[in-house]
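only the shape, not the letters, is given here:
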């Protein structure tokens, strides 16, 4: 099979790298390619927007499959042109690519099909746009309608900034024809994520979530770029949220486009803003993201050719994605000055050293060969991509690769993946406190710890006494919430005042576990725990290990009220208990 990849950036290098692994590929071409791609494919000097030139080459070489990387040729109708000439090509038609080609169309489409998105209005006159800013409030977002290489989105904090953004797009034509119209929309707060899927017009086959870093400076500051790095998966997209994205965004979009007479095949990329349970579509792209493509393809174990052919043939329902569970990250190395003006032609060193690092791939974006040297030829130059057992390991490996490479004026962000690391740190913070009156209670209270551990709830265990260390017990309870605890499980025997002391000094839920520590077999502790004075509530469990485990189960049920993932784990736990009973019942039949 002969395959042609269109484009010359990091995304296209990753596509070529992945396609090269397919046993069905006999010859691989890339137009125009770059200095890294030429080691894997034959680079053809045809621009990605030269539709007629690309068509002539594909017909002459009898190309079996063409894969389109960038958005411009898609919006120019390359898929329509190739298909009219009997060529197989992966990507949406020009009617489908309008989802990226026109923000006005997309916002109207989202509103029509009730797909969640920010409040907005579109304008062809600057005065009306500026007036709407006052109506919608600040901050706000101003977007050029057409393609602007990922840079036509401006955030305005003040009316003056909004007016300047509108003038920049519509009057100064900073983004050319893309600025004939603008969209002004409300500013959404939250965390962005990328949700990218293959589709054949009916079936939607999602890849893992990912997250781009668009701003040029660390801490997500400064002007937008085409992307300074990305990683997968994005922890903000939980399993439950992923299902919502499919049900509320991806499937309605594919069905809506079909209803509009714009059947959509190819990559469907939804840029999302997530704020707790609130989900909104920021934008659609009609191709793989760049740099999201790089870490996503590193996790994909399938033969990419099989997936692309199934999408073209309308048989994606026969494909199951095989995804490496390990996280991946891509760090973009750019030319100094990007996204503004920058100097090219600088010799890059250390490429071989970086490529020799285990689990690291160096994807070229803006490079070209100059004699025996490789030089920078664009703003985004390289994408150092790595896989690791966890996100921290992947980040460390990628930056090890970055450290091996240099050229005069190279620039990169040093905080790619920072949101994932923050969530990892947050996840490791204890949210349940297990306290007991004596270390002799540990064997019993460990039953609570084991259940919490089985469902991934971080916890801490502490010995404190309502009688021997009352000041410490009170301080522990008073500071529990500010330290991140959401529930306290308190186990004690005999007088068992520990749970009551906890409840009296905090507003978070307290679950008491009576322990057998006297000749009364724990009944005294049970009565003491139950009989709290009015206004000092303690949820009381049974005595001993069973009570300790139930305390943990109840804690998880409380936490699951705001966490669909925990809810699912509780369902699995209930199913496992039912299966155990069934198994015991079967054993009695023999």
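Nice, thanks for sending it over. Please read these numbers as outputs of a predicted model, since none were measured by experiment. Numbers count the residues shown, from 1 in each chain.

partner residues bridging residue 142?
residue 154, residue 184 (DSSP bridges).

residue contacts, it?
By Cβ atoms under 8 Å, 6 or more residues apart in numbering, the contact set of residue 142 is 129, 153, 154, 155, 156, 162, 165, 166, 169, 182, 183, 184. For every residue, glycine as well, the C-beta is placed using N, CA and C.

and the gap between it and residue 338?
Using Cβ to Cβ, to the nearest Å, one gets 22 Å for the distance from residue 142 to residue 338.

what are the phi and psi values at the most far-flung residue of the chain relative to its centre?
Computed with Cα atoms, centre = their mean, the residue of the chain farthest from its C-alpha average is residue 519, at 56.6 Å. Here is the backbone geometry of residue 519 (degrees, to the nearest 10): phi -70, psi -10.

related to what we said a few turns ago, residue 572: which of the contacts of residue 142 is nearest?
Among the contacts of residue 142, residue 153 lies closest to residue 572 (Cβ to Cβ), at 41.3 Å.

look up the closest residue to the closest one, ignoring the ones flanking it.
residue 143 (5.1 Å; Cβ to Cβ, 6 or more residues apart in numbering).

could you do residue 314 as well?
Residue 314's closest residue in space is residue 200 (Cβ to Cβ, 6+ apart), at 4.7 Å.

relative to residue 542, how far out is the residue farthest from the centre of the chain?
Counting by Cβ to Cβ, the gap from residue 519 to residue 542 is 19 Å.

okay, buried residues for the helix or strand that contains residue 107 please.
In this structure, residue 107 sits in helix 103-112 according to DSSP states H and E. Going by neighbour count (16 or more other Cβ atoms under 10 Å), the buried part of helix 103-112 is 103, 104, 105, 106, 107, 109, 110.

next one: stretch 152-171
Here stretch 152-171 shows 152-154, 156, 161-166, 168-170 as buried, counting by 16+ other Cβ under 10 Å.

and the contacts of that stretch?
Under Cβ under 8 Å, 6+ apart, the answer for stretch 152-171 is 126, 129-130, 133-134, 138-144, 146, 174-175, 178-180, 182, 184, 187, 224, 283.

repeat that for stretch 563-578.
So stretch 563-578 is contacted by 238, 239, 240, 241, 455, 456, 457, 553, 556, 557, 559, 560 (Cβ under 8 Å, 6+ apart).

of those residues, keep whichever come out buried.
238, 241, 455, 457, 553, 556, 559, 560.

identify the bridge partners of the nearest residue to residue 530 once chain neighbours are set aside.
Nearest residue to residue 530, sequence neighbours excluded (Cβ to Cβ, 6+ apart): residue 540, at 4.9 Å. In this structure, residue 540 bridges to residue 512 when assessed by DSSP bridges.

I'd say residue 540 and residue 528 touch.
No: using Cβ atoms under 8 Å, residue 540 is not in contact with residue 528; the gap is 9.6 Å.

so where is the protein shaky, pLDDT-wise?
149-150, 426-428, 587-590 (pLDDT under 70).

longest helix in it, please.
helix 564-587 (DSSP state H).

in the one helix or strand residue 257 maps to, what counts as buried?
Element membership of residue 257 [criterion: DSSP H and E] is helix 251-259. Buried residues in helix 251-259, counting neighbours by 16+ other Cβ under 10 Å, are found at 251, 252, 253, 254, 256, 257.

please name the residues that touch the fifth one.
The contact partners of residue 256, by Cβ under 8 Å, 6+ apart, come to 109, 112, 113, 115.

and if you look at residue 136?
Contacts of residue 136 (Cβ under 8 Å, 6+ apart): 119, 121, 184, 185, 186.

what's the answer for residue 132, then?
121, 123, 184.

ok, then the element right after whatever helix or strand residue 447 lives in?
Using DSSP H and E, residue 447 maps to helix 442-454. Per DSSP H and E, the first helix or strand lying C-terminal to helix 442-454 is strand 459-463.

from residue 3, how far out is the residue lying closest to residue 318 once chain neighbours are set aside?
What sits nearest to residue 318 in space, not counting adjacent residues and going by Cβ to Cβ, 6+ apart, is residue 310, at 6.2 Å. Separation of residue 310 from residue 3 (Cβ to Cβ): 15 Å.

neighbour count: these two, which is higher?
Shown here are residue 310 and residue 3; by other Cβ atoms under 10 Å, residue 3 has more neighbours (27 against 18).

the more buried one belongs to a strand, doesn't it?
Yes: assignment of residue 3 by DSSP: H, G, I helix; E, B strand; the rest coil places it within a strand.

which residues touch it?
By Cβ under 8 Å, 6+ apart, the residues touching residue 3 are 19, 25, 27, 28, 29, 63, 64, 65, 66, 67, 305.

give me the next element, helix or strand, following the strand or helix carrying the first one.
Same thing as residue 19. Assigned by DSSP H and E, residue 19 belongs to helix 10-20. Next in sequence after helix 10-20, counting helices and strands by DSSP H and E, comes strand 27-32.

quick one: residues in contact with that following strand.
So strand 27-32 is in contact with 1-8, 12, 16, 19-20, 37, 40-48, 54, 57, 61, 63, going by Cβ under 8 Å, 6+ apart.

wait, doesn't residue 452 sit right on residue 554?
No: using Cβ under 8 Å, residue 452 is not in contact with residue 554, being 11.3 Å away.

who has more neighbours out of those two?
Per other Cβ under 10 Å, whichever of residue 452 and residue 554 has more neighbours is residue 452, with 25 against 17.

what about that one, distance to residue 351?
Taking Cβ to Cβ, one finds residue 452 at 47 Å from residue 351.

same check, this time on residue 8
For residue 8, the distance to residue 351 - Cβ to Cβ - is 17 Å.

do the same with residue 497
For residue 497 relative to residue 351 (Cβ to Cβ), the value is 68 Å.

so those two - more neighbours on which side?
residue 497 (21 against 18).

give me every residue that touches that one.
When contacts are taken as Cβ under 8 Å, 6+ apart, residue 497 is in contact with 466, 467, 528.

which element is the last one on?
Mapping residue 528 onto the secondary structure by DSSP H and E places it in helix 523-530.

residues in contact with that helix?
So helix 523-530 is contacted by 492-497, 499-500, 512-518, 538, 540, 542-543 (Cβ under 8 Å, 6+ apart).

repeat for stretch 539-557
Under Cβ under 8 Å, 6+ apart, the answer for stretch 539-557 is 432, 444-452, 455, 457, 487, 489, 491, 499, 509-516, 521-523, 525-526, 529-530, 566, 569-570, 573.

what sits against residue 291?
Contacts of residue 291 by Cβ under 8 Å, 6+ apart are 10, 11, 212, 227, 228, 229, 230, 330, 332, 380, 383, 385.

how much space between residue 117 and residue 551?
Taken as Cβ to Cβ, the span from residue 117 to residue 551 is 43 Å.

just want to know which of these two has more residues nearby.
residue 551 (30 against 21).

for my notes, confirm that one occurs in a helix.
Yes: counting by three-state DSSP, residue 551 is located in a helix.

measure it to residue 516 for me?
Residue 551 is 15 Å from residue 516, by Cβ to Cβ.

now swap in residue 5 and tell me
For residue 5, the distance to residue 516 - Cβ to Cβ - is 70 Å.

I'd say residue 182 and residue 125 touch.
No: judged on Cβ under 8 Å, residue 182 makes no contact with residue 125 at a distance of 9.6 Å.

which of the two has more neighbours?
Remark: of residue 182 and residue 125, residue 182 carries more neighbours, 29 against 12, as counted by other Cβ under 10 Å.
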